[in-house]
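Colleague: Quick one: sequence plus predicted model below, questions after.
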Amino acid sequence: MRPARCVACTIATHRGSQGVTPPLPPAAPRNAVDAKAIDKGRILAGSPTTSGSLTWLRAPAMPGYLTKQESVPIAGVDNLLIRSLLDRQQFSDPLGVAERLGISSATWPLFGLLWPSGAQLAARMALRPLRTHERVLEIGCGLGLASLVCHRRGVDVTASDCHPLANPFLLENLRLNALPPMKYRTGQWGSTPLVAQREHPHNAPLLASAVQGQFDLIMGSDVLYERDVRATLASFIDRHAGAGAQIWIVDPNRGNRSAFNKQMAAHGFEVTEERLDHPVRGDLPAYKGRLLVYQRNGCDAPPESPSAPSP
Ligand SMILES: C[S@@+](CC[C@H](N)C(=O)[O-])C[C@H]1O[C@@H](n2cnc3c(N)ncnc32)[C@H](O)[C@@H]1O
């Protein structure tokens, strides 16, 4: 998988590590360019608590991960300032929290990169008519662009992911965009590792803050990148989809779509697919992929079905 290329990219690197309070100074610059671009802001890391705020974990000093900051264009609305991992090479799991959750060093950085489908979903959510009292859940949110756009619009949205650093990055990106606190819950489909290790002290806050309840809209982008033979994602969605719920998944044609459609069908969900392909548009990169909209058989389509973003 390739992360999105930086658009309007203002790179500022700094080192993060698990367990920093109070904020640490930025890492020594690696070269003259970095020296000018070093972000003097706080460094975030830790694990989510039950309230969605942070518990800071103390850890021995050790190399952490590098981040950058960029202005990300979202079609139809103001850019978002986003702190992300510098690249796919970043990895830091000094306390083994990610490892215990089944996150390998290869998959560790995936949450913290800007994936093209994330901006696509965010653009759709920017245009979606607001519905009173609608509860929205983002699954596998990563950096949570779509959740941030929803939150900026005043939608009741909960971002979720299984990665222990997803919430800290969300908090940092809320701060960068001067947005108030928003809801974050641990949402791990196929949550056996987490449940099986409930007695581990570092997992307790993650478990206590797990996604609960049902939602009117469940959305996700680029979450079908692995073969899910146990259909854990479809089961997770089924558990959290309220009556009449819609599920929006933006998929960059990764090849697991048909299998996922069948798994969703086993839970009574029918799919409609919309191609999102478009060429480069101003500062928006070209995209190839689909919006998959699922709804349970027999449920009436809501009055506002998804509408394409303006060119
Ligand atoms: C390719 S990234 C996409 C991130 C984001 N949705 C985007 O489009 O930018 C996949 C995301 O799914 C999350 N993920 C993978 N497996 C998961 C699981 N079993 N439960 C919850 N989240 C998971 C990862 O942590 C990561 O944030």
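Modeller: That came through fine.
Colleague: what's the closest non-adjacent residue to the spatially most central residue of the chain?
Modeller: The residue lying closest to the centre of the chain (Cα atoms, centre = their mean) is Cys141, at 1.7 Å. Excluding its sequence neighbours, the residue lying closest to Cys141 (Cβ to Cβ, 6 or more residues apart in numbering) is Ala159, at 4.2 Å. Any C-beta I mention is one placed from the backbone N, CA and C, and that applies to glycine too.
Colleague: Then Arg227?
Modeller: Asn256 (5.9 Å).
Colleague: State the number of residues packed around the one you found.
Modeller: Using other Cβ atoms under 10 Å, Asn256 is surrounded by 17 other residues.
Colleague: is it true that it touches Val229?
Modeller: No: the pair Asn256 / Val229 is not scored as a contact, 10.3 Å apart, by Cβ atoms under 8 Å.
Colleague: all helices for this protein, in order.
Modeller: Here the chain has its helices, by DSSP state H, at 32-37, 97-100, 116-127, 145-153, 166-176, 192-196, 204-208, 232-240, 257-265.
Colleague: which residues in the chain form strands?
Modeller: For the chain, the strands defined by DSSP state E cover 15-16, 47-48, 54-55, 65-74, 77-85, 135-138, 156-161, 183-186, 215-221, 241-251, 269-275, 290-296.
Colleague: if I look at the residue nearest to the centre of the chain, how far off is Leu121?
Modeller: Separation of Cys141 from Leu121 (Cβ to Cβ, to the nearest Å): 10 Å.
Colleague: what sits in contact with each of those two?
Modeller: Residues touching both Cys141 and Leu121 by Cβ atoms under 8 Å, 6 or more residues apart in numbering: Gly220.
Colleague: number of nearby residues for the closest residue to Leu80 other than its chain neighbours?
Modeller: Nearest residue to Leu80 in three dimensions, chain neighbours excluded: Val72, at 5.0 Å (Cβ to Cβ, 6+ apart). Val72 has 24 neighbours, counted by other Cβ under 10 Å.
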